[in-house]
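Asks: What follows is a predicted structure for the sequence shown.
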Amino acid sequence: EQQEKWVPRAVNMEIIGTYAQTELGHGTFLRGLETTATYDPNTEEFVLNSPTLTAYKWWPGGLAHTANHCVVVAQLHSKGVNHGVHPFIVQIRDEDTHMPLPGVKVGEIGPKLSFSTANNGFLGFDNFRVPRDSMLMKNAQVLKDGTYVKSRLSKLTYGTMVFIRVMIVTDMAYYLSVGATIAIRYSAVRHQSKPKENEPEPQILDYVTQQHKLFIALASSHAFRVTGQWLWTTFVRVNKALTSGNADTLPELHAVACCLKAVTTRDAASMVEACRMSCGGHGYMTSSYLPILYGITTAACTYEGENTVLLLQTARSLVKAWQKGSKGKPLSPTEAYLMDKSPVPKWENTLDGIIAGFRRVSAGKVQDCVSKIDKLVKMGTSYEDAWNQTSVRLVAASEAHSRAVILATFRAEVSRAAAALSPPLARVLHQLVHLYTVYWALERVGDLLLYTSIAERDVQELQQQYEDLLQKIRPNTVGLVDAFDLRDEILNSTLGAYDGRVYERLMEEALKSPLNAEPVNQSFHKYLKPFMQGKL
Ligand SMILES: CCCCCCCC/C=C\CCCC(=O)SCCNC(=O)CCNC(=O)[C@H](O)C(C)(C)COP(=O)(O)OP(=O)(O)OC[C@H]1O[C@@H](n2cnc3c(N)ncnc32)[C@H](O)[C@@H]1OP(=O)(O)O
Ligand SMILES: Cc1cc2nc3c(=O)[nH]c(=O)nc-3n(C[C@H](O)[C@H](O)[C@H](O)COP(=O)(O)OP(=O)(O)OC[C@H]3O[C@@H](n4cnc5c(N)ncnc54)[C@H](O)[C@@H]3O)c2cc1C
């Protein structure tokens, strides 16, 4: 009924909304949110209020000047009882005049690192009344007399965040495809230095160090796209089960969505930054789009669940799984490997060997965390303090688990799809899977040395495998980014345009600068000249 009331109006843009959950004082700890929604049975309304400055909603995208409605997450009070945070759909602006409604204080939060067009806003309520059906009652309800009907699963309130985290993994695949396209195309156009005196300056794409910086971004884009598709399929399956009242698979989805969102956003931000730096000074130009792209990807490390907090959520699930498995209870499919108690096998420098190695690393780290926590608790430390003292290791265990999931998914999905592909295309995609897998084995060689039987000669061989792969992928690099088929208007980059006219585009953009409107800028007359004449 509520969906019938609100969804059509949102779809036809009568309602322009945003998600107002975060407050000045709380973003991570949702149970600490201060905005209140107090039910008045006499008028069958909720009274929304921001009791403190820290209760003001702060950050919601589009809140400052675009949205006329928002979903507000508030502490629900009824009959003198606080029932915790619940979502409410609230009109905040007049639909004709767009003026803020009486009792609503709304504005813009100011300049940010990026997302400059998102008009992120603040929102405060001064005893603002909304009808009872403003409470989104899919999960919990408040009856006309104020009786609270509890949700069958309190965590369903957090469901929106799981959905967005699932989507963010695929978003990161897209952003990496943009960054890789810009940097690789530029690297094919840019010639620099003379390693061989009697030969012309080479394309910087032929420097192996440049390939090392860029090809992992290209491979990661495919890895995250494939993983994002797997995660979406999982999300759809879990939500179908939830619809029929079965919440058994929700904890696994929450755990895997948390660590994949955290790892893919951190990788995307660091790899986009590497793309920027690989383009030298021109990569620092706004007109290259790389600085803006970095601002967008690094924001994702914070929004929709700050990465550390989410990795600790996954760690919570891994520790619980370890404890369950140790009692012989079955584990979820993504965590079942934790109970592999077989002896550590002889190391194999193969994809399957490396994937198995990462699972050993994750299981070993989880076991170490459980042991440390148990030891601290036995010494009289509270569980919460023991958890905190182990949290650096817990985050590392979560990251290892996430990497194992990505490696296994990327390999399995490409192997499955390869049968339907032309042999040359299958070969190139397998090279990207191989590069991605060996790259991360080398990045985490310390962990592999600790938890697997990998030996020095294996590591040397992996390094050589990696360098051979860079050489094999080089001839197809430009073709691979062209295959992303990103139009120039979307790339929005002087360095990444399809025609490669980098220098002409850089100058065209430079001449658009307002500072080039006149040969002598007014700052000379106002400041420089008086200063030079000793008048300032
Ligand atoms: C359509 C595509 C869009 C793509 C994006 C485009 C760009 C958009 C730009 C910006 C959008 C950004 C919007 C936002 O940022 S919205 C605000 C996001 N905020 C957060 O994510 C807050 C993070 N904090 C939390 O989720 C929670 O506070 C918490 C960290 C999980 C802690 O909560 P709490 O203390 O209640 O929970 P516990 O840790 O004690 O755990 C209790 C049990 O609940 C389980 N749990 C927790 N969360 C979930 C969940 N989401 N789903 C299912 N289950 C959950 C947890 O596992 C515990 O279970 P257990 O059995 O172990 O007790
Ligand atoms: C670009 C952008 C867009 C956004 N859009 C929206 C939006 O549309 N709607 C919305 O509601 N919000 C939005 N947000 C807010 C975002 O969801 C929050 O910033 C995010 O949830 C983090 O919360 P916080 O800012 O309070 O950071 P905090 O939680 O205060 O984190 C600060 C530090 O404390 C650490 N920390 C916190 N808790 C723990 C813990 N339990 N264990 C260990 N370390 C901990 C974190 O790891 C972090 O290092 C947006 C933010 C950004 C940057």
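Replies: Looks like it arrived, so ask away. Numbering: from 1, shown residues only. Ligands and ions are numbered 1, 2, ... in the order given.

Asks: Spatially nearest residue to Ile490 (excluding sequence neighbours)?
Replies: Val178 (7.7 Å; C-beta to C-beta, 6 or more residues apart in numbering). In short, each C-beta sits where N, CA and C put it, glycine included.

Asks: Surely the one you found touches Leu486?
Replies: Yes - judged on C-beta atoms under 8 Å, Val178 makes contact with Leu486 at a distance of 6.3 Å.

Asks: So between the two, which is more surrounded?
Replies: Between Val178 and Leu486, Val178 has the larger neighbour count (other C-beta atoms under 10 Å), namely 26 against 20.

Asks: which SSE is the more buried one in?
Replies: Secondary structure from DSSP states H and E places Val178 in helix 159-189.

Asks: Would the helix or strand just after that helix count as contacting ligand 1?
Replies: Remark: after helix 159-189, the chain's next helix or strand is helix 208-243, criterion DSSP H and E. No - against ligand 1, helix 208-243 shows no contacts by C-beta under 6 Å from any ligand atom, the least distance being 9.7 Å.

Asks: Could you check the pLDDT of Asp374?
Replies: pLDDT for Asp374: 97.

Asks: what about it, is that helix, strand or coil?
Replies: Here Asp374 is helix, with the state taken from DSSP: H, G, I helix; E, B strand; the rest coil.

Asks: hmm, back to that, contacts only, for the residue nearest to Ile490.
Replies: Shown in contact with Val178 (C-beta atoms under 8 Å, 6 or more residues apart in numbering): Tyr289, Leu293, Phe484, Leu486, Ile490, Leu491, Gly496.

Asks: Can you give me the distance of it to ligand 2?
Replies: As judged by C-beta to the nearest ligand atom, to the nearest Å, Val178 and ligand 2 stand 18 Å apart.

Asks: So Lys213 sits against Cys275, correct?
Replies: Yes - at 7.5 Å, Lys213 and Cys275 qualify as touching, with contact defined as C-beta under 8 Å.

Asks: of the two, who's got more company?
Replies: Higher neighbour count among Lys213 and Cys275: Cys275, with 30 against 18, using other C-beta under 10 Å.

Asks: what about that one, distance to ligand 2?
Replies: 20 Å.

Asks: Equivalent analysis for Thr22, please.
Replies: Distance of Thr22 to ligand 2, given as C-beta to the nearest ligand atom: 3 Å.

Asks: Lys240 now?
Replies: Going from Lys240 to ligand 2 by C-beta to the nearest ligand atom gives 27 Å.

Asks: Can you get me a residue count around that residue?
Replies: For Lys240, the neighbour count with other C-beta under 10 Å is 11.

Asks: Below-threshold pLDDT in the stretch 151-300 of the chain: ranges please.
Replies: Scanning the stretch 151-300 of the chain for pLDDT under 70 picks out nothing.

Asks: same thing but at 80, please
Replies: 153-159 (pLDDT under 80).

Asks: ok, of the contacts of Val178, which one's closest to ligand 2?
Replies: Taking C-beta to the nearest ligand atom as the measure, ligand 2 sits nearest to Leu293 out of these, at 13.9 Å.

Asks: Report whether the closest one is found in a strand, as I expect.
Replies: No - with three-state DSSP as the criterion, Leu293 is helix rather than part of a strand.

Asks: Neighbours of it, how many?
Replies: With neighbours defined by other C-beta under 10 Å, the count for Leu293 comes to 25.

Asks: is it true that it touches Thr181?
Replies: No - between Leu293 and Thr181 there is no contact under C-beta under 8 Å: 10.6 Å.

Asks: List the contacts of Trp14.
Replies: I think there's a mix-up here, since residue 14 is Glu and not Trp. Applying C-beta under 8 Å, 6+ apart to Glu14 gives the contacts Glu95.

Asks: ok, 6 Å please
Replies: Contact partners of Glu14, counting by C-beta atoms under 6 Å, 6 or more residues apart in numbering, are absent.

Asks: quick one, phi psi at Ile513?
Replies: Heads up, residue 513 is Ser, not Ile. phi -60, psi 130 (degrees, to the nearest 10).

Asks: Residue of the stretch 351-500 of the chain nearest ligand 2, please.
Replies: Closest point on the stretch 351-500 of the chain to ligand 2, by C-beta to the nearest ligand atom, is Ser391, at 6.3 Å.

Asks: Excluding chain neighbours, what is closest to that residue?
Replies: In space, Ser391 is closest to Leu312, 6.4 Å off (C-beta to C-beta, 6+ apart).

Asks: swap in Arg403?
Replies: The spatial neighbour of Arg403 that comes closest, neighbours along the chain excluded (C-beta to C-beta, 6+ apart), is Phe358 at 5.4 Å.

Asks: Which pLDDT value goes with the one you found?
Replies: Looking at Phe358, its pLDDT is 97.

Asks: Was I right to think it contacts Ser402?
Replies: No - counting by C-beta atoms under 6 Å, Ser402 is not a contact partner of Phe358; they are 9.6 Å apart.

Asks: tell me, what's touching those two both at once?
Replies: Common neighbours of Phe358 and Ser402, counting by C-beta under 6 Å, 6+ apart, are absent.

Asks: follow-up on the earlier one: state the distance from the residue nearest to Arg403 to ligand 1.
Replies: In terms of C-beta to the nearest ligand atom, Phe358 sits 23 Å off from ligand 1.

Asks: Quick check: which element contains that residue?
Replies: helix 351-378.

Asks: Give the buried residues for that helix.
Replies: The neighbour-count check on helix 351-378 (16 or more other C-beta atoms under 10 Å) flags 351, 353-370, 372-373, 376 as buried.

Asks: other SSEs contacting that helix?
Replies: Applying 3 or more C-beta pairs under 6 Å, 6 or more residues apart in numbering; DSSP states H and E, one finds that helix 351-378 contacts helix 307-326, helix 383-418, helix 423-443, helix 445-451.

Asks: now the ones you listed as CSV including mean neighbour count?
Replies: Compiled in CSV, these are given as follows (neighbours: other C-beta atoms under 10 Å):
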stretch, mean neighbour count
helix 307-326, 20
helix 383-418, 20
helix 423-443, 19
helix 445-451, 17
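
Asks: Is the closest residue to ligand 2 within the chain in a helix, a strand, or coil?
Replies: Nearest residue of the chain to ligand 2, counting by C-beta to the nearest ligand atom: Gly27, 2.2 Å away. Counting by three-state DSSP, the backbone at Gly27 sits in coil.
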